[in-house]
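> Quick one, structure for this:
(chains A and B)
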Amino acid sequence: TQLLEQSPQFLSIQEGENLTVYCNSSSVFSSLQWYRQEPGEGPVLLVTVVTGGEVKKLKRLTFQFGDARKDSSLHITAAQPGDTGLYLCAGAEGGSEKLVFGKGTKLTVNP
Amino acid sequence: KAGVTQTPRYLIKTRGQQVTLSCSPISGHRSVSWYQQTPGQGLQFLFEYFSETQRNKGNFPGRFSGRQFSNSRSEMNVSTLELGDSALYLCASSLIVNTEAFFGQGTRLTVV
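Below is the predicted model of the structure:
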């Protein structure tokens, strides 16, 4: 069972555009993390959100955790080619000790 | 401080063989998790070790096994390799169980 659904699966945009990717679930998560992975490399942690309704900003990236702690979004402003990669969300399901990953959004930013 | 180190980076094996992959976590991290990543299935959890004990196991056949040593280094073993085992195998270390995971670069296994 896929607990975390990410959308869109693929996204190709031009440099300078804004975008939002989503991570949704029917389960409640005690925390949720976002990672970026480049081809042939391991995922790199971007942020962890813990509190429902929490918003965190990392330069041009804005992360939001839903009020009910079931969903999250990542918004990128003025995307750059260096933002290209696979964006993964991962959740620590309440009561479980396993970290569950979504299948990711593959983002391509064209110069 | 040094990150998570996985060896080898690339591996080519023949069907039926077995393989052992190694992972050295970040110093001080006691939790090590293993994942299999394929284009179709994404990141799938294999198992997690904490203080030499397997805490969780994913839905993989018994051909996949692992262990953790007293220095927190971990190995995973796949026996009787199948073509479908070709994947990027990722190791992640965490300070404690189920907290922020720091990944290694992975081992790309190709089974021919």
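> For chain B, which residues are neighbours of chain A?
Contact residues (C-beta under 8 Å from any C-beta of the partner chain) of chain B with chain A: B:4, B:6, B:33, B:35, B:41-43, B:45, B:48, B:55-56, B:58, B:88, B:90, B:92, B:97-106, B:108. Where you see a C-beta, it was placed from the backbone N, CA and C, and this is true even at glycine.
> Nearest spatial neighbour of the most centrally placed residue in chain B, chain-adjacent residues omitted?
Nearest to the geometric centre of chain B sits residue B:34, at 3.4 Å (C-alpha atoms, centre = their mean). In space, and not counting its chain neighbours, residue B:34 is closest to residue B:46: 4.1 Å by C-beta to C-beta, 6 or more residues apart in numbering or on different chains.
> give me every residue that touches the one you found.
With contact set as C-beta atoms under 8 Å, 6 or more residues apart in numbering or on different chains, residue B:46 has these partners: B:33-36, B:57-58, B:60, B:64, B:66, B:76, B:89.
> Can you list which of the residues you listed are found in strands?
Counting by DSSP state E, those place B:33-36, B:57, B:64, B:66, B:76, B:89 in strands.
> Now a PyMOL select for only the buried ones of the contacts of residue B:46.
With 16 or more other C-beta atoms under 10 Å in any protein chain shown as the criterion, this PyMOL line picks the buried residues out of those:
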select buried, chain B and resi 33+34+35+36+60+64+66+76+89
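> The nearest residue to residue B:89 once chain neighbours are set aside - how many residues pack around it?
Closest residue in space to residue B:89, ignoring its immediate chain neighbours: residue B:107 at 4.8 Å, by C-beta to C-beta, 6+ apart. Residue B:107 has 21 neighbours, counted by other C-beta atoms under 10 Å in any protein chain shown.
> Next, work out how far apart residue B:107 and residue A:4 are.
The gap separating residue B:107 from residue A:4 is 25 Å, by C-beta to C-beta, to the nearest Å.
> How about residue A:74?
Distance, residue A:74 to residue A:4, using C-beta to C-beta: 13 Å.
> Need the residues touching each of those two.
The contact lists of residue A:74 and residue A:4 share A:23, A:89, where a contact means C-beta under 8 Å, 6+ apart.
> Identify the neighbouring strands of the helix or strand of chain A with the lowest mean pLDDT in the sheet and state each direction.
Ranking every helix and strand in chain A by mean pLDDT, DSSP states H and E puts strand A:99-101 at the bottom, with a mean of 85. Strand A:99-101 pairs in its sheet with strand A:85-93 (antiparallel), by DSSP bridges.
> Work out the gap between the partner strand and the centre of the chain.
Computed by C-alpha atoms, centre = their mean, to the nearest Å, the chain-centroid distance of strand A:85-93 equals 5 Å.
> circling back: name the SS class of the residue nearest to residue B:34, please.
Three-state assignment for residue B:46 (DSSP: H, G, I helix; E, B strand; the rest coil): strand.
> I'd like the distance between it and residue B:23.
For residue B:46, the distance to residue B:23 equals 11 Å [C-beta to C-beta].
> Next, show the common contact partners of those two.
Shared contacts of residue B:46 and residue B:23, defined by C-beta under 8 Å, 6+ apart, comprise B:34, B:76.
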